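> Build me a structure from this.
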Amino acid sequence: MSEKYHYEPGAIHNDHHQEINIGSVSEKALGDIIKNFFKDGVENAEFEEVDNVKANEPETSIEVTSSTEERVKRCVATLKEEKQLKHKYDYTWVMETMNQSKDTPTFNTPGSFIEYLANLGFDGLPSEDSIGKKLNVCTGTFPDWEFTDCDTTEANRRINIGKRFLSIYRSR
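Model prediction:
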């Protein structure tokens with residue numbers, strides 16, 4: 001027993017511990033859950049109970065409504081129209097922005113993201129490998145991403161894709 005704790009003879013010490021049960025979440029979401037779990041005042045935090053994820057459910061983290069789909073479709077179409085998506089791998093920054101935002105669908109794999117966009121009617125999409133490789137060079141939390149494969153100008157361009165996506169998505 002540590003010297004800084006003193007118990008009177010006969011005292012009972014109950015080691016209180018907390019437990020959480022989470023389903024399939026992204027690395028970013030898990031980090032946020034853990035931070036919120038251990039911060040002071042957590043007993044006052046709002047939460048939402050969710051059912052266990054079934055194997056045959058879609059790989060998106062929130063229920064996707066047609067309104068959500070329309071908004072995502074408008075965002076991607078606008079980014080393409082504005083020539084923000086210069087390279088196929090630029091879809092990586094859209095996916096990562098969505099995965100790190102609370103109000104957008106999130107994706108467990110590059111394949112589920114590509115399938116989602118294809119179902120929205122987009123073609124000429126990148127490969128899973130293309131997105132996967134670029135995910136590996138991006139660290140940090142949006143918009144404070146850091147990249148191991150480019151200079152500051154290119155890093156800012158990538159971050160601006162995410163900022164533009166959210167700006168369009170959140171405008172009604």
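> how close does the closest residue to Asp90 other than its chain neighbours sit to Val25?
What sits nearest to Asp90 in space, not counting adjacent residues and going by CB to CB, 6 or more residues apart in numbering, is Ile161, at 5.9 Å. For the C-beta atoms, the positions are set from N, CA and C on the backbone; glycine is no exception. According to CB to CB, to the nearest Å, Ile161 stands 24 Å off from Val25.
> hey, where'd the strands end up in this structure?
Shown for the chain, the strands assigned by DSSP state E span residues 138-139, 146-147.
> contact partners of the last one?
The one in question is strand 146-147. For strand 146-147, the external contacting residues (CB atoms under 8 Å, 6 or more residues apart in numbering) are 137-140, 154-155, 158.
> try it again with 10 Å
By CB atoms under 10 Å, 6 or more residues apart in numbering, the list of residues contacting strand 146-147 from outside reads 134, 137-140, 154-155, 158-159.
> could you flag which of the residues you listed are buried?
134, 138, 158-159 (16 or more other CB atoms under 10 Å).
> Run through the helices of this protein in chain order.
27-38, 66-81, 91-99, 110-119, 128-135, 152-170 (DSSP state H).
> The residue nearest to Asp90: neighbour count?
21 (other CB atoms under 10 Å).
> What residues does it make contact with?
79, 82, 84-86, 90-94, 96-97.
> nearest to Leu117, of these?
The shortest separation between Leu117 and any of these is 7.3 Å, and it belongs to Tyr91 (by CB to CB).
> Just to check, the closest one is in contact with Phe122?
Yes - taking contacts as CB atoms under 10 Å, Tyr91 lies within contact range of Phe122: 9.1 Å.
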